[in-house]
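Engineer: please work out how this folds:
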Amino acid sequence: MLRLTSTVLTALIIATILGLSCDAAFAQAHITPPKAPAAPAAPAPSVTLTLGDTSSPDTIALTLKLMLLLTVLTLAPAILVLLTSFTRIIVVFHFLRQAVGTQSTPPNTILIGLALFLTYFIMSPVINQVYSDAFLPLMNNQIGYKEAFTAGMAPIRQFMLKQTREKDIALFVHLAKEKRPAKPEDVSNKVLVPAFVVSELKTAFQIGFLIFVPFLIIDMVVASVLLSMGMMMLPPVMVSLPFKILLFVMVDGWYLIVGSLVRSFH
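Structural biologist: You can find the predicted model right below:
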């Protein structure tokens, strides 16, 4: 009996000690140190846009020219893609890289840079005419904004009409439910721009098909040779890639493709 009593007392003492320890640990875990006072937030800088004194006609004209310039810069990417030769060039370069099978070589930065410079090279006569017929007279206050837009679009429209198929123009005339134009000058811009882009894509795909054919033949020959030799575990792409690069270098592929692209616009 005494032994049982001593055992119970010992268990109670141990439980009491453990309970006190847990309470102390629990209390310590929930005690959070006081937070330091937050630093006052710095006031945001105020940004104001002023156009200057609008009482002078010269100041108003300068302000409108600045706004026009900002608008043109905002629309520059769309103008570059939709109204120039950039679309055809960059699509052909993409097909070339896929046909050779070099994955990301040349990188996109080089291809886009080369496409931009080729676009400038091809569009130089048009750009010069827009500058002389529309931009300079507008800056010299010789014509208004509407006249400048019409004069600037004239050489661009002439370039697009030269590269656009009549079939594509007829398609968008029908979709827009407009009357059939009697002459090319009567084609509206909302019809001409998408028709030009579709024509450029079709031409680029045709050139891309011609680029793919010789490299596809190399792939087929290499695959047939490997299959006849029983080397089915060796990827044909790894074997055909050096031969495709060798063919492209031997025929001076960049010279042929860049020259053909530039001549296709003349």
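Engineer: I'd like the average pLDDT over whichever strand or helix holds Leu73.
Structural biologist: Take DSSP states H and E as the rule and Leu73 turns out to sit in helix 57-74. Helix 57-74 carries an average pLDDT of 68.
Engineer: following it, which helix or strand comes up?
Structural biologist: helix 76-82.
Engineer: gap between Ile79 and Leu73?
Structural biologist: In this view, Ile79 and Leu73 are 10 Å apart by CB to CB, to the nearest Å. Every C-beta, even on glycine, is put in place using the N, C-alpha and C of the backbone.
Engineer: ugh, wrong one, Val213
Structural biologist: 42 Å.
Engineer: can you pull the pLDDT of Val237?
Structural biologist: Looking at Val237, the pLDDT reads 78.
Engineer: burial count for it?
Structural biologist: 12 (other CB atoms under 10 Å).
Engineer: now it: how far from Ala176?
Structural biologist: According to CB to CB, Val237 and Ala176 sit 46 Å apart.
Engineer: repeat for Glu185
Structural biologist: For Glu185, the distance to Ala176 - CB to CB - is 17 Å.
Engineer: cool, Gly113 as well?
Structural biologist: Distance from Gly113 to Ala176, by CB to CB: 36 Å.
Engineer: cool, and Gln206?
Structural biologist: Look at Gln206 and Ala176: by CB to CB, they are 26 Å apart.
Engineer: buried residues in stretch 156-173?
Structural biologist: 156-157, 159-161, 164, 168-169, 172-173 (16 or more other CB atoms under 10 Å).
Engineer: any idea what sits nearest Asn204, other than its immediate chain neighbours?
Structural biologist: Quick fix: residue 204 is Ala, not Asn. Val91 (3.7 Å; CB to CB, 6 or more residues apart in numbering).
Engineer: and the one you found, helix, strand or coil?
Structural biologist: helix (DSSP: H, G, I helix; E, B strand; the rest coil).
Engineer: so what pLDDT did it get?
Structural biologist: Confidence score, pLDDT, at Val91: 94.
Engineer: from now on call the first residue 626
Structural biologist: Right, with 626 as the first residue, what we last looked at is Val716.
Engineer: one step back: neighbour count winner among Ile704 and Leu698?
Structural biologist: Under the neighbour definition other CB under 10 Å, Ile704 and Leu698 were set side by side, and Ile704 has more, 13 against 9.
Engineer: now do the more buried one, the pLDDT please.
Structural biologist: On the pLDDT scale, Ile704 gets 73.
Engineer: could you report the separation of it from Thr696?
Structural biologist: 11 Å.
Engineer: name the residues contacting each of these two.
Structural biologist: Contact with both Ile704 and Thr696 is made by no residue, according to CB atoms under 8 Å, 6 or more residues apart in numbering.
Engineer: where does this protein dip in pLDDT?
Structural biologist: Within the chain, the ranges that satisfy pLDDT under 70 run 626-687, 690, 697.
Engineer: now with 90?
Structural biologist: Applying pLDDT under 90 to the chain flags residues 626-709, 725-732, 755-779, 791, 799, 801-815, 843-868, 872-873, 877-878, 889-891.
Engineer: what residue is smack in the middle of it?
Structural biologist: In the chain, the centroid-proximal residue (CA atoms, centre = their mean) is Pro702; its distance is 8.8 Å.
Engineer: just the helices in the stretch 626-775 of the chain please.
Structural biologist: 627-655, 682-699, 701-707, 711-725, 733-755, 761-764, 770-788 (DSSP state H, counting those that start in this stretch).
Engineer: show me where the stretch 776-891 of the chain has helices.
Structural biologist: 791-801, 814-853, 861-875, 878-888.
Engineer: closest one to Ala724 among those helices?
Structural biologist: helix 814-853 (4.4 Å; CB to CB).
Engineer: many thanks, have a good one.
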